[in-house]
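K.L.:
how would this look folded up:
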Amino acid sequence: MRWQPPTLTDERRRRILQLLSAAERARWEAAASGEPGDRFLVGRMLLRELSAESLQIPLEAVTVLAVCPSCGGPHGRPEIAVDGAIPLRAGLSHTAGLVVAAVLPATRGSALGIDVEAVAGSSERRAAIDALVPPDLRGARGARGHGHGTRGALRAWTRVEAVLKADGRGLRVDPSAVTLQRADGRLAASVDGSEADYALFDRSIGRRGLRRGAVMSIAIADPVSEPSPGAGRAARPSTARP
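P.N.:
From the prediction side, this is the model:
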């Protein structure tokens, strides 16, 4: 897992653009200039860096795909394609001032979902989240273990959205379809109408570069073992340059 602010030097932006596929380039060109465009580029580069390091291959050998299951457009949950390699599951999320990416070997889970929210987000964003979080997840049963107040409400939401991203349908599924439960100190989830089981992991990102920090949740569908999304590399901001 790795995160980085959505800001780029001209040199790094040029390097990322050299690696993009035609579909990715079209998405970048369609994005608004400034931070939205750089946010897209940072996300694609983080996925490439993590995949290349995991598989010990050059960045140029990694292809990042996205196909919407609803309309077939080049957006939605990212997928990693590398010829002849063990498939990787991928997750991507962003919030104000931050982009987060993660990859996981396909042998350790059937899907990966990740969601991050800045604690110091706008009042409009918090109101939208409050409207989406199911009432039963705001109370003791669903909220247990993630605290109270703004941070607790955000944690409830990142858990739900991470699960829905791993499900693959996102907010086309009513958030109330997600059930959270604890067993032996572990957090798990399920989605009504789906046979998949989800392991949930919570992370917090410190305040460095982000006022009051951010909360993040990672959902792994049908985990094969006891995966730790940060295994093999410390979860910390990326300072690497190609």
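K.L.:
Determine the set of other helices and strands touching the longest helix along the chain.
P.N.:
Ranked by number of residues, the top helix in the chain under DSSP state H is helix 35-55. Judged by 3 or more CB pairs under 8 Å, 6 or more residues apart in numbering; DSSP states H and E, the packing partners of helix 35-55 are strand 2-4, helix 10-19, helix 22-30, strand 63-66, strand 78-81, strand 88-95, strand 98-105. Just so you know, the C-beta spots here come from the backbone N, C-alpha and C atoms, and that holds for glycine as well.
K.L.:
how distant is the longest one from the center of its chain?
P.N.:
The gap between where helix 10-19 is centred and where its chain is centred comes out at 22 Å by CA atoms, centre = their mean, to the nearest Å.
K.L.:
Contacts for that helix, please.
P.N.:
Residues outside helix 10-19 that contact it (CB atoms under 8 Å, 6 or more residues apart in numbering): 8, 25, 28, 38, 41-42, 44-45, 48, 59-60, 241-242.
K.L.:
Relative to residue 168, which of those is nearest.
P.N.:
Ranked by distance to residue 168 (CB to CB), the contacts of helix 10-19 are led by residue 44 at 19.5 Å.
K.L.:
what number of residues lie near the closest one?
P.N.:
Residue 44 has 25 neighbours, counted by other CB atoms under 10 Å.
K.L.:
okay, it: pLDDT?
P.N.:
Note for residue 44: predicted pLDDT of 98.
K.L.:
quick one: it from residue 38, how far?
P.N.:
According to CB to CB, to the nearest Å, residue 44 and residue 38 sit 11 Å apart.
K.L.:
what do you get for residue 81?
P.N.:
Separation of residue 81 from residue 38 (CB to CB) stands at 24 Å.
K.L.:
which of these two has more neighbours?
P.N.:
Neighbours per residue (other CB under 10 Å) separate residue 81 from residue 38, with residue 38 holding more: 20 against 14.
K.L.:
Residue ranges of each domain in this structure, please.
P.N.:
With domains defined by automatic domain parsing, the chain comprises 1-106, 109-234.
K.L.:
Can you get me the start-to-end distance on stretch 58-76?
P.N.:
25 Å (CA to CA, to the nearest Å).
K.L.:
Contacts made by that stretch with the rest, please.
P.N.:
Applying CB under 8 Å, 6+ apart, the external contacts of stretch 58-76 come out as 19, 21, 23-24, 26-27, 44, 47-49, 51-52, 55, 77-83, 90, 168-170, 172, 242.
K.L.:
low pLDDT regions in this protein?
P.N.:
138-149, 207-211, 225-242 (pLDDT under 70).
K.L.:
and with 90 instead?
P.N.:
For the chain, the stretches flagged by pLDDT under 90 are 31-34, 67-77, 84-86, 96, 119-153, 169-172, 183-185, 206-213, 224-242.
K.L.:
Skipping adjacent residues, who's closest to residue 224 in space?
P.N.:
Closest residue in space to residue 224, ignoring its immediate chain neighbours: residue 108 at 5.1 Å, by CB to CB, 6 or more residues apart in numbering.
K.L.:
no no, residue 26
P.N.:
In space, residue 26 is closest to residue 74, 7.3 Å off (CB to CB, 6+ apart).
K.L.:
ok, now how distant is that neighbour from residue 86?
P.N.:
Counting by CB to CB, the separation of residue 74 from residue 86 is 24 Å.
K.L.:
Name the residue in those two with the higher neighbour count.
P.N.:
Per other CB under 10 Å, whichever of residue 74 and residue 86 has more neighbours is residue 74, with 16 against 10.
K.L.:
Return the distance of the more buried one relative to residue 152.
P.N.:
From residue 74 to residue 152 the distance is 36 Å (CB to CB).
K.L.:
and if you look at residue 176?
P.N.:
Plainly put, residue 176 is 18 Å away from residue 152 if you go by CB to CB.
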